[in-house]
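1. Fold the following and give me the result.
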Amino acid sequence: MREEGGARVVTAELIARARSGDGDAFRELTEPYLRELQVHCYRMLGSFQDAEDALQNTLLAAWQSLGGFQGRASLRTWLYKIATHRCLDARRAAIRRPPKEWDVPGVEPPEPTRLGEVVWLQPFPDALLEDAIDGPPGPEARYEQTESISLAFVTALQVLPPRQLAVLILRDVLGFHASEVASMLDSTVESVNSALKRARASLQRRWPQAADREPPPASRSPAEDAIVAKFVSAWESADLGALVALLTDDVFIAMPPMPFGYEGRDIVVRFCAGLFGAGRRFDLVPARANGQPAFGAYLRAPTGIRHGTGLYVLTLTGDRICAMTRFDNSVLPWFGLPRSLPSR
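-> Just a heads-up that it's a prediction; the model follows:
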């Protein structure tokens, strides 16, 4: 969003009013950028809650430093600079939620095949993405906006060093020019290009974009709906055979903030069999997270009340499921889902 012509005059008037202490003018200035800044903070931090905190810190810093805004860059670029530095501060503080112990009563999980590195990962509600990623990225962006909010991409970002992370997002996701990024990070173009080269190499190792994988079906397309319907039917009826037919050979389950990970169809099915054991049955309520199909899972109790146990997010490839990410039930309210459902 660029301030041109009459819009630039209006923006200058709003800045003048905001500098004089007009909170309404400041809100009018910043409101068009809030959603995209929130998504930027989420990519930087991998956590919905941490992104919320970083966004609020960004707005406070912008309000306090508005007098120093010289207009050499656009207001949007200036806000991204502040947000990026707030996120870098948060990353360097290294205050992250610790891993959690297994907390599913009555279920003994199989031995994990690997431990997750990003236990602080949280899902991002699609309802908050609609106004944030619709606009075209900058001319130098390498990734589609929907692709760059996927759980796999955001997870891969989290293991990058903070400065490389910032450079890659600003250059390859948002499409800012190298000179703009250098200004944002108080650096040089040469330093930015060097950091970008290292970040791309690291990301390629951890997120190779699976050249041998089929792309997922389009969001909310009939093809996606068909996979989702089969998954719901298999999960709600505890039909392991039907579930097996939906999974790729190398399907992976992650469960942040628990560090357990299960890779491979056989071990994933054993894990699901444990969840369904002793007659446990679930109802699924649809949602969407990170541009992907998601479901609130509700365990049917003998009383008829169904208790929310978590949120599952599916990663699709072709007509199969290649990953499932389970989040605990604390995230359900972010998706407008209740902690429990009444008896039917």
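2. Could I get the full set of helices for the stretch 51-200 of the chain?
-> Under the criterion DSSP state H, counting those that start in this stretch, helices of the stretch 51-200 of the chain are mapped to 75-93, 151-158, 162-168, 178-184, 189-206.
3. Contacts for the second one next, please.
-> Pointing back at helix 151-158 there. Under the contact criterion C-beta atoms under 8 Å, 6 or more residues apart in numbering, helix 151-158 has outside partners 42-44, 46, 117-118, 120-121, 123-124, 143, 147, 165, 168-169, 203, 206-207, 254, 289-290, 292, 313, 315, 323, 325. All C-beta spots, glycine's among them, are computed from the backbone N, C-alpha and C.
4. what residues are up against Val167?
-> Taking C-beta under 8 Å, 6+ apart, one finds Val181, Leu185, Val192, Ala195, Leu196, Ala199 in contact with Val167.
5. Just flag the most distant two among these.
-> Spatially, the most separated pair among these is Leu185 and Ala199, at 12.8 Å (C-beta to C-beta).
6. higher neighbour count, those two?
-> Neighbours around Leu185 and Ala199, counted as other C-beta atoms under 10 Å, are more numerous at Ala199. The numbers are 22 against 19.
7. confidence score at the more buried one?
-> With respect to pLDDT, Ala199 has a value of 97.
8. I'd guessed it sits against Leu165; true?
-> Yes. Ala199 lies in contact with Leu165 (C-beta atoms under 8 Å); the separation is 6.9 Å.
9. what residue ranges in the stretch 151-300 of the chain are flagged as low confidence?
-> 208-212 (pLDDT under 70).
10. how about 80 then?
-> By pLDDT under 80, the low-scoring segments of the stretch 151-300 of the chain are 207-212.
11. surely Met258 meets Lys100?
-> Yes. Contact criterion C-beta under 8 Å: Met258 and Lys100 qualify, at 5.1 Å.
12. Which neighbours do the two have in common?
-> Val119, Asp328.
13. So between these two, which is more surrounded?
-> More neighbours surround Met258 than the other of Met258 and Lys100, with 21 against 14 (other C-beta under 10 Å).
14. what sits against the more buried one?
-> Neighbouring residues of Met258 by C-beta under 8 Å, 6+ apart: Pro99, Lys100, Glu101, Trp102, Asp103, Gly116, Val119, Asp328.
15. again with Tyr312
-> The contact partners of Tyr312, taken as C-beta under 8 Å, 6+ apart, are Leu284, Ala294, Phe295, Ala297, Met324, Thr325, Arg326, Phe327.
16. which residues does the nearest residue to the fifth one once chain neighbours are set aside bridge with?
-> Which is Met324. Nearest non-adjacent residue to Met324, counting by C-beta to C-beta, 6 or more residues apart in numbering: Ile253, 5.0 Å away. Beta bridges link Ile253 to Tyr262, Met324, judged by DSSP bridges.
17. Could you measure from Ile253 over to Leu314?
-> Here the criterion is C-beta to C-beta, to the nearest Å. By it, Ile253 lies 11 Å from Leu314.
18. who touches both of the two?
-> Common neighbours of Ile253 and Leu314 (C-beta under 8 Å, 6+ apart) are Ala323, Met324.
19. Roughly how far does the residue nearest to Met324 sit from Gly277?
-> From Ile253 over to Gly277 (counting by C-beta to C-beta), the distance is 16 Å.
20. before we move on, the earlier item: just the ones of the contacts of helix 151-158 in strands?
-> Among the contacts of helix 151-158, DSSP state E puts Ala254, Ala289, Gln292, Val313, Thr315, Ala323, Thr325 in strands.
21. So the closest residue to Cys322 other than its chain neighbours: helix, strand or coil?
-> Excluding its sequence neighbours, the residue lying closest to Cys322 (C-beta to C-beta, 6+ apart) is Thr248, at 4.6 Å. Taking DSSP: H, G, I helix; E, B strand; the rest coil as the rule, one finds Thr248 in the strand state.
22. Could you give the number of residues near Thr248?
-> 19.
23. Mind checking what secondary structure Thr11 has?
-> At Thr11 the chain is in helix, as set by three-state DSSP.
24. So it sits against Thr30, correct?
-> No. Between Thr11 and Thr30 there is no contact under C-beta under 8 Å: 11.1 Å.
25. and these two? which has more neighbours close in?
-> Neighbour totals were compared for Thr11 and Thr30, and Thr30 leads with 20 against 17 (other C-beta under 10 Å).
26. Give me the pLDDT for that one.
-> Looking at Thr30, the pLDDT reads 95.
27. any idea how far Ala62 is from it?
-> Using C-beta to C-beta, Thr30 is found at 7 Å from Ala62.
28. repeat for Leu128
-> Taking C-beta to C-beta, one finds Leu128 at 20 Å from Ala62.
29. More neighbours: the two, which one.
-> Ranked by neighbour count (other C-beta under 10 Å), Leu128 and Ala62 place Ala62 first, with 23 against 16.
30. List the contacts of the more buried one.
-> For Ala62, the contact set (C-beta under 8 Å, 6+ apart) comprises Phe26, Thr30, Trp78, Leu79, Ile82.
31. ok, and the most crowded of these?
-> Leu79 (23 neighbours).
32. Spatially nearest residue to that residue (excluding sequence neighbours)?
-> Tyr33 (5.5 Å).
33. and what of Thr146?
-> Thr146 sits nearest to Gly291 (C-beta to C-beta, 6+ apart), 4.7 Å away.
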